[in-house]
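Colleague: the sequence isn't on hand, but the structure is:
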Ligand SMILES: [Zn+2]
Ligand SMILES: [Zn+2]
């Protein structure tokens, strides 16, 4: 069955937002309009934003927002396992609040956009790794680096 992600995008976003909100409510989190705006950006996590990117987006709506508010909200969500943090050797962190669990990523080395490929096979691979190494696997990080369609077109 094919799911049309574009058509259902708003519904998925609402669902993620509701999940985040109920988790935060359970932790007595004071929800300000600014913080709600941060959650909305993270529920979609278009391109896997940086804190700076989230800050720019939220500031468009709430000009008095401080970057500390963004960091605080992101860190709390991280503690609650409601956002996935992707760290990179250059020190930049990217966030995915739409899928807050380990999953493979495809990263464009030209424009730095990060997308979630809709692929299977990782479960099988994990099973093989457990069999081969005897490890209890707790987490994984799978990144594919390359050039996205737009950047490829621009280069040719
Ligand atoms: Zn690109
Ligand atoms: Zn992702």
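Modeller: Sure thing, it's come through. Fair warning: this is a prediction, and the values are worked out from it, not measured in the lab. Ligands and ions are numbered 1, 2, ... in the order given.
Colleague: and residue 150, which of the three is it?
Modeller: Assigned by DSSP: H, G, I helix; E, B strand; the rest coil, the conformation of residue 150 is helix.
Colleague: I'd like to know how far the nearest residue to it once chain neighbours are set aside sits from residue 39.
Modeller: Leaving out its chain neighbours, the residue that sits closest to residue 150 by CB to CB, 6 or more residues apart in numbering is residue 111, at 7.0 Å. C-beta: built from backbone N, CA, C; applies to glycine. Distance, residue 111 to residue 39, by CB to CB, to the nearest Å: 26 Å.
Colleague: also residue 117?
Modeller: The spacing between residue 117 and residue 39, counted by CB to CB, is 25 Å.
Colleague: report the secondary structure element holding residue 19.
Modeller: Residue 19 is located in helix 5-25, with elements delineated by DSSP states H and E.
Colleague: show me which residues of that helix are buried.
Modeller: Across helix 5-25, burial judged by 16 or more other CB atoms under 10 Å covers 13, 16, 17, 20, 21, 23, 24.
Colleague: residue 37: neighbour count?
Modeller: 21 (other CB atoms under 10 Å).
Colleague: list the contacts of it.
Modeller: 57, 58, 61, 62, 65 (CB atoms under 8 Å, 6 or more residues apart in numbering).
Colleague: can you narrow the residues you listed to ones near ligand 1?
Modeller: Among the contacts of residue 37, no residue lies close to ligand 1 (CB under 5 Å from the ion).
Colleague: neighbours of the residue in the chain that ligand 2 sits nearest to, how many?
Modeller: Distances between the chain and ligand 2 by CB to the ion are smallest at residue 96, namely 3.6 Å. Number of residues near residue 96 (other CB under 10 Å) recorded here: 21.
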